[in-house]
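Novice: Need a 3D model of the sequence below.
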Amino acid sequence: MTVVYRLAATDDTPTVAELLHEMAAEAGRAIAVTGALLRDHGFGPDPRFRVILAEAEGEVLGLALVFPEYSSWRGAVGLYVQDLYVRPGARGRGIAQALLTAAWDSASDWAPSYLTLMVDHRNDTASAWYERQGFGLRERGDLLILDGPALARLMEGPDR
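Specialist: Residues are numbered from 1 along each chain as shown. Below you'll find the model as predicted:
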């Protein structure tokens, strides 16, 4: 099965909302986002984020919702991964790593030099995966960051 990675379009907002609600439900949480809010915030005249979708045979398997961030400590722009989600039936196939790579590639106009994300402390599987990629704690917070050789290795991906 070939997985295709693409930027979400306005018509994808109901699907993006559905995946975000699935992700929240897995974490035992509820979220307020709707397709209309996603459309307004991400697909209007001044988009605040981008969404990369992973699809195979007409089915959306996962997403990465990202936006630029700026670090005064680093004096550099980074790519913040707000949401990274792969549906349970599609896990274990490298889709999460490929979503991160596709998100990184889609942000070339922002010229990021590092990647930041947060992980739920209760999600041991995700925490272990991020640690294997080389992510580490940022300052004393829970944000994880990946740059340098570990970032380069991740962006090389399994199919590059």
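Novice: Skip ahead from the lowest-mean-pLDDT helix or strand in the chain and say which helix or strand is next.
Specialist: Within the chain, judged by mean pLDDT, DSSP states H and E, the helix or strand with the poorest mean is strand 136-137; its value is a mean of 72. Where DSSP states H and E defines the elements, the next helix or strand beyond strand 136-137 is strand 143-146.
Novice: what lines up beside that next one in the sheet?
Specialist: Sheet pairing of strand 143-146 (DSSP bridges) gives strand 115-118 (antiparallel), strand 136-137 (antiparallel).
Novice: helices and strands around the following helix or strand past the first one, which ones?
Specialist: In other words, strand 115-118. Counting by DSSP H and E, the next helix or strand C-terminal to strand 115-118 is helix 124-133. The helices and strands touching helix 124-133, judged by 3 or more CB pairs under 8 Å, 6 or more residues apart in numbering; DSSP states H and E, are helix 148-156. Backbone N, C-alpha and C define where each C-beta goes, glycine included.
Novice: The strand of greatest length in the chain: how far from the chain's middle?
Specialist: For the chain, the longest strand by residue count, based on DSSP state E, is strand 59-71. Taking the mean of its C-alpha atoms, strand 59-71 sits 3 Å from the chain's own mean (CA atoms, centre = their mean, to the nearest Å).
Novice: Ok, stretch 150-160 next?
Specialist: Using CA atoms, centre = their mean, the offset of stretch 150-160 from its chain centre is 15 Å.
Novice: What of stretch 147-159?
Specialist: Taking mean C-alpha positions (CA atoms, centre = their mean), stretch 147-159 and its chain are 15 Å apart.
Novice: mean confidence for that stretch?
Specialist: Taken as a whole, stretch 147-159 has an average pLDDT of 86.
Novice: Now tabulate the strands paired with strand 143-146 in a markdown table and tack on distance to P47 and mean neighbour count.
Specialist: Shown next, in a markdown table, are those (distance: least, CB to CB, whole Å; neighbours: other CB atoms under 10 Å):
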| stretch | distance to P47 | mean neighbour count |
| --- | --- | --- |
| strand 115-118 | 19 | 21 |
| strand 136-137 | 30 | 10 |
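Novice: Show me the contact partners of stretch 44-58.
Specialist: 1-8, 12, 15-16, 38, 41-42, 60-67, 82, 86, 90, 95, 98-99, 102-103, 106-107 (CB atoms under 8 Å, 6 or more residues apart in numbering).
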